[in-house]
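>>> Can you look at this prediction? I've put the sequence above it.
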Amino acid sequence: MNRPDTTPRRLIIGITGASGTIYGIQLLRLLRPTDVETHLVLSKSAKITMAQELDISVSEVTALADVVHNADNIGATISSGSFRTIGMVIAPCSMRSLAEIATGVTSSLVTRAADVVLKERRRLVLMAREAPLHLGHLKAMATATEIGAIIYPPVPALYAKPISIEQMVDHTLGRMLDLFDIQTDVVSRWQGLAPAKAPDAS
């Protein structure tokens, strides 16, 4: 008799040192009310960037996750393909992390976990954050795409008419979570073109 699969839905969240650490932190907040078990790994550079960008401590961020892994712990559960997950999001993803993932030459648990997700044919979403981009960046993105990753730059959807940074960030994350079939109430869904306004008669 087949037993029901009781493995929780686990999502790995990596936060690296690129600008935009709010995306990874807000992603953890959005997932709190869901049934998804979050596994967080913060790079050393992420902690530095976070201190410059946000008024939040590392301990406050780690408290948002179900499980926290040290970036130096290459023996963590998420470094093995036998540990089942639904995939991984790196938000934001630095160009260094992107390059390591594209080449398979990993130096931390963030990129090792991403490499595992790819080899197991699970979903890997890289919220790459840099501008302008030189050819090396673009080639790394192309290579990462060819080996199975999804490049998802945190580009705001202005049709949603966000009135705050938080709304802009939430909408982007909600659309990204659609890739994992994780539903949130933060996405302003496109309803088609609005009716044209009548010309002013005056």
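Looks like it came in fine.
>>> Quick one: low-confidence residue ranges for this protein.
Counting by pLDDT under 70, the chain contains low-confidence ranges at 1-4, 198-202.
>>> any chance you could map the helices in it?
Listed in chain order, the helices found in the chain under DSSP state H are 21-31, 44-53, 58-62, 95-103, 109-119, 135-146, 165-177.
>>> Show the contacting residues for the closest residue to Arg32 other than its chain neighbours.
The shortest distance from Arg32 to any residue other than its chain neighbours is 6.7 Å, reached at Leu64 (Cβ to Cβ, 6 or more residues apart in numbering). C-beta coordinates here come from the backbone N, C-alpha and C atoms, glycine included. Residues touching Leu64, when contacts are defined by Cβ atoms under 8 Å, 6 or more residues apart in numbering, comprise 25, 28-29, 32, 38, 40.
>>> Most neighbours among those, please name it.
Neighbour counts for the contacts of Leu64 (other Cβ atoms under 10 Å) peak at Ile25, which has 24 neighbours.
>>> gap between the nearest residue to that one once chain neighbours are set aside and Asp178?
Nearest residue to Ile25, sequence neighbours excluded (Cβ to Cβ, 6+ apart): Val61, at 5.6 Å. Remark: distance between Val61 and Asp178 (Cβ to Cβ, to the nearest Å) = 24 Å.
>>> Could you report the neighbour count for Pro92?
25.
>>> just Ser57 next, same as before
12.
>>> and what of Ile13?
Summarising burial for Ile13: neighbours were counted as other Cβ under 10 Å, giving 24.
>>> Isn't it up against Ile25?
No - using Cβ atoms under 8 Å, Ile13 is not in contact with Ile25, being 9.4 Å away.
>>> Look at Val61 and Asp178 and report which has more neighbours.
Under the criterion of other Cβ under 10 Å, the comparison of Val61 against Asp178 puts Val61 first, with 22 against 12.
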